[in-house]
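Q: Sequence isn't available, so here's the structure alone:
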């Protein structure tokens, strides 16, 4: 913007602001680089970066330390003389750009997968911008070649395009977060710029301060900005977050609640039902499908009775090979970038399978090298795409869910084993009881026989012996009475004897 203003206005302030904002943006670029790579900020580093950046920012506007004299203003450049600190300013800008590019390519080399692609486009854009910023604006002017400073506008445009491409295609950052932070930095730069303009107006037009006094005011203004920029940053950040993230999901708390369910619930059907409802309500997803592998088949417990699902082997093989969260939109981008051939055709077939279930994200649950479940996520109720934070969240949930499912399956296997063992024990007990009854009856018969034999041996009277046998059968075996008969000599008639 400031470069473009030099094409329409020949005021010297636009040239000075051009160099001032260059230093300020480099400081912001360094801070953004560390946040992009490390995902966290450091207050000491933040203070040091912005202290140097703001020093060169104020020095560009006041005191003639960076630009001593401006004779003629051109589009993106000027005719005049540089100040005594211009070499240090050039060193700061050049070393910062070289460090940013080197750090980005180093992280590209270390990263893999989608993270590598995200950083690759940012690295290429930063390299193009660095080349078009350093040589035309700093190296060539030192060599006496002027008039090419406006080329850094092209570098900025290319850099913004490549970063935007990385954001849209590879989810470098959350769109809402980008808009929020863009407004945040716009407001912060606008306030700082207003303070610069006010200080310039106060020292030159109102107080008529001398050149030496301008340097003092520059240092004082730099000190004030450094002291108050952190509270200002927190205030603006809180305001923009309240506007864009009123209903922001706190994934740490959601993960804590989901983890509690996974740890406490043992019954498989109840576990899957609670996880499904929890994710749908907490993350605000239209539908969450969970298919669990049981006896080499996949079942869903979303209805009252388990529903069997059939997945093609190539689909399961692809999920097992990928091993992590699969975003449908990313898969489509990957297919689009592939040339015609067997690989593209295979991925297109997999995309058709995923589209049949209306899944925007597929999460394979893998345990011991095998897929034990498949989690399919439909679209979010807000209509937003799934962010990097959400993908990381589901990656953590997937690992915990794999353990919970194995635990529930083991619990069910132990339950079935106990039921089978109980049935076997009951059947064995019944057989043992029947055997005891048979043994008791046999023992009673043997005892009765022995008693009768003892009684018979005590008498030689046949009639008495016959009566003893009849009485013993009645008394020992529990009969009310009985008749003992003998076969006659003719073998045709029975004769009652007792």
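A: Done, it's in. Quick caveat: nothing in here was measured; it's all calculated off a predicted structure.
Q: Now the longest helix along the chain: average pLDDT?
A: As assigned by DSSP state H, the longest helix anywhere in the chain is helix 388-456. Averaging pLDDT along helix 388-456 gives 78.
Q: and if you look at stretch 280-300?
A: 85.
Q: Buried ones in that stretch, by neighbour count?
A: For stretch 280-300, a neighbour-count test (16 or more other C-beta atoms under 10 Å) marks 280, 282-283, 285, 288-294, 298-300 as buried. Bear in mind the C-beta positions are built from the backbone N, C-alpha and C, glycine included.
Q: Give me the residues contacting it.
A: 249, 254, 257-258, 268, 272, 275-276, 279, 301-302, 306-311, 357-359, 370-382, 390, 393, 405, 409 (C-beta atoms under 8 Å, 6 or more residues apart in numbering).
Q: Which members of the residues you listed are classed as buried?
A: 249, 254, 258, 268, 272, 275-276, 279, 301, 311, 357, 359, 371-380, 390, 393, 405, 409.
Q: out of these, which are inside helices?
A: Per DSSP H, these map to helices at 254, 258, 268, 272, 275, 276, 279, 390, 393, 405, 409.
Q: Just the closest of those residues to residue 164, please.
A: Checking these against residue 164 by C-beta to C-beta gives residue 390 as the nearest, at 20.8 Å.
Q: That closest one contacts residue 251, correct?
A: Yes. The criterion here is C-beta atoms under 8 Å, and residue 390 meets it with residue 251 at 7.3 Å.
Q: related to what we said a few turns ago, pick out whichever of the ones in helices among the buried ones among the contacts of stretch 280-300 sits closest to residue 320.
A: Distances from residue 320 to those, taken by C-beta to C-beta, are shortest for residue 405, at 15.7 Å.
Q: That closest one touches residue 365, doesn't it?
A: Yes. The pair residue 405 / residue 365 is scored as a contact, 6.5 Å apart, by C-beta under 8 Å.
Q: what residues do the two have in common as contacts?
A: 372, 373.
Q: quick one on the thing from earlier: which elements pack onto the longest helix of the chain?
A: helix 251-264, helix 268-282, strand 361-367, strand 370-377, helix 462-476 (3 or more C-beta pairs under 8 Å, 6 or more residues apart in numbering; DSSP states H and E).
Q: between it and helix 251-264, what angle do the directions make?
A: 10 degrees (axes from the mean of the first three to the mean of the last three C-alpha atoms, to 10 degrees).
Q: and helix 388-456 with helix 268-282, angle?
A: Interaxial angle, helix 388-456 versus helix 268-282 (the same axes, to 10 degrees): 160 degrees.
Q: ok and helix 388-456 relative to strand 370-377, angle-wise?
A: Using the same axes, to 10 degrees: helix 388-456 against strand 370-377 is 130 degrees.
Q: who's in contact with stretch 91-108?
A: Outside stretch 91-108, the residues that touch it by C-beta under 8 Å, 6+ apart are 22-23, 26, 29-30, 33, 37, 52, 56, 116, 119-120, 122-123, 126-127, 129-130, 133-134, 138.
Q: Could you tell me which of those belong to helices?
A: 22-23, 26, 29-30, 33, 37, 52, 56, 116, 119-120, 122-123, 126-127, 129-130, 133-134.
Q: Just the buried ones from those residues?
A: The neighbour-count test (16+ other C-beta under 10 Å) applied to the ones in helices among the contacts of stretch 91-108 identifies 22-23, 26, 29-30, 33, 52, 56, 119-120, 122-123, 126-127, 129-130, 133-134 as buried.
Q: Now do residue 71 against residue 60, distance only.
A: Look at residue 71 and residue 60: by C-beta to C-beta, to the nearest Å, they are 17 Å apart.
Q: Over to residue 80. Which of the three states is it?
A: With DSSP: H, G, I helix; E, B strand; the rest coil as the basis, residue 80 sits in strand.
Q: For it, give me its contacts.
A: Residue 80 touches 67, 68, 69, 70, 71, 72, counting by C-beta under 8 Å, 6+ apart.
Q: re the thing from before, will you turn the helices and strands packed on helix 388-456 into CSV that also has distance to residue 322?
A: Shown next, in CSV, are the helices and strands packed on helix 388-456 (distance: least, C-beta to C-beta, whole Å):
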stretch, distance to residue 322
helix 251-264, 23
helix 268-282, 21
strand 361-367, 7
strand 370-377, 11
helix 462-476, 83
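Q: Quick one: closest of the ones you listed to residue 321.
A: strand 361-367 (9.4 Å).
Q: List of residues touching that closest one?
A: Contacts of strand 361-367 (C-beta under 8 Å, 6+ apart): 319-320, 322-328, 354, 371-377, 386, 391, 394-395, 397-398, 401-403, 405-406.
Q: before we move on, back to that, weed out the non-buried ones from the contacts of residue 80.
A: By 16+ other C-beta under 10 Å, the contacts of residue 80 give 67, 70 as buried.
Q: In terms of distance to residue 90, which of the contacts of residue 80 ranks first?
A: Closest to residue 90, out of all of the contacts of residue 80 and judged by C-beta to C-beta, is residue 67, at 12.2 Å.
Q: what's the pLDDT at the closest one?
A: Looking at residue 67, the pLDDT reads 77.
Q: who does it bridge with?
A: Counting by DSSP bridges, residue 67 is bridged to residue 82.
Q: what is the rounded mean pLDDT of stretch 120-129?
A: 88.
Q: neighbouring contacts of it?
A: Contacts for stretch 120-129 (C-beta under 8 Å, 6+ apart): 36, 97, 100-101, 104-105, 108, 152, 155-156, 158-163, 165-166, 170, 172.
Q: if you set the cut-off to 10 Å instead, what comes out?
A: Residues from elsewhere that reach stretch 120-129 (C-beta atoms under 10 Å, 6 or more residues apart in numbering): 29, 32-33, 36, 97, 100-109, 111, 119, 152, 154-167, 169-170, 172.
Q: which other residues reach stretch 311-318?
A: 291, 293, 297-298, 319, 326, 331, 346-347, 349-350, 353-354, 357, 362, 364, 370-371, 374.
Q: Of these, which belong to strands?
A: Counted as lying in strands by DSSP state E, out of the contacts of stretch 311-318, are 291, 293, 297, 298, 326, 362, 364, 370, 371, 374.
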